[in-house]
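>>> need a 3D model of the following:
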Amino acid sequence: MTLPKLSSVNLWLLACAVSLAAAGCHAPGKPGPGPEVPRPSQVLDFPTLYRENCAACHGENGKNGAAIALNNPVYLAIAGTANIEKITANGVPNTAMPPFAKSAGGSRSPPSFKAWNESGPSLLKFDW
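Prediction:
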């Protein structure tokens, strides 16, 4: 039995079909099963929270920013966890410190503040 000869158009169509099959089901522009960007209230990872909300003012590692250094153990000891949580939630009026709690007009939920209190200070490197 001899195989039929394929014309150049048929070869091109075959190559396209193989390419599409190899590319998988995720064609460009087709949305995936979940959101590409999580809602702010769903982000509970402290490094992400800090990078997206704090680093611009307080510095990349909690220092050398325009605002107070958050990796200063003396400041953290004096301010206390409850006060820092309150300031983070409600902001500081007449300053550049915005509120982050939904109840105060921000976009963060209480679990975000729990992530800060549980892992934040230990992840900012103290090198004073």
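>>> wait, residue 65 sits on residue 50?
No: counting by C-beta atoms under 8 Å, residue 65 does not reach residue 50; the two are 11.2 Å apart. (Each C-beta comes from the backbone N, C-alpha and C, glycine too.)
>>> between the two, which has more neighbouring residues?
residue 50 (21 against 16; other C-beta atoms under 10 Å).
>>> can you give me the pLDDT of the residue nearest the centre of the chain?
What sits nearest the mean C-alpha location of the chain, by C-alpha atoms, centre = their mean, is residue 48, with 4.3 Å. You'll see residue 48 listed with a pLDDT of 85.
>>> that one sits in which helix or strand?
Residue 48 belongs to helix 46-53 when elements are defined using DSSP states H and E.
>>> any buried residues in that helix, and which?
46, 49, 50, 53 (16 or more other C-beta atoms under 10 Å).
>>> which of those lies closest to residue 12?
Lowest distance from residue 12 to these (C-beta to C-beta) belongs to residue 49, with 51.0 Å.
>>> any idea how far the closest one lies from residue 109?
Distance of residue 49 to residue 109, given as C-beta to C-beta, to the nearest Å: 11 Å.
>>> hey, what's in contact with both of the two?
The contact sets of residue 49 and residue 109 do not overlap (C-beta atoms under 8 Å, 6 or more residues apart in numbering).
>>> what helices and strands are in contact with the helix holding residue 48?
Contact here means 3 or more C-beta pairs under 8 Å, 6 or more residues apart in numbering; DSSP states H and E; on that basis helix 46-53 packs against helix 110-123.
>>> mind doing that once more with 10 Å?
On a contact count with 3 or more C-beta pairs under 10 Å, 6 or more residues apart in numbering; DSSP states H and E, helix 46-53 meets helix 55-58, helix 110-123.
>>> who touches both of residue 65 and residue 50?
residue 58 (C-beta atoms under 10 Å, 6 or more residues apart in numbering).
>>> now residue 65, what's its secondary structure?
Put simply, residue 65 is coil when judged by DSSP: H, G, I helix; E, B strand; the rest coil.
>>> report how many residues lie close to the residue lying closest to it once chain neighbours are set aside.
Counting by C-beta to C-beta, 6 or more residues apart in numbering, residue 65 lies nearest to residue 59, which is 3.3 Å off, once chain neighbours are set aside. Residues lying near residue 59 (other C-beta under 10 Å) number 18.
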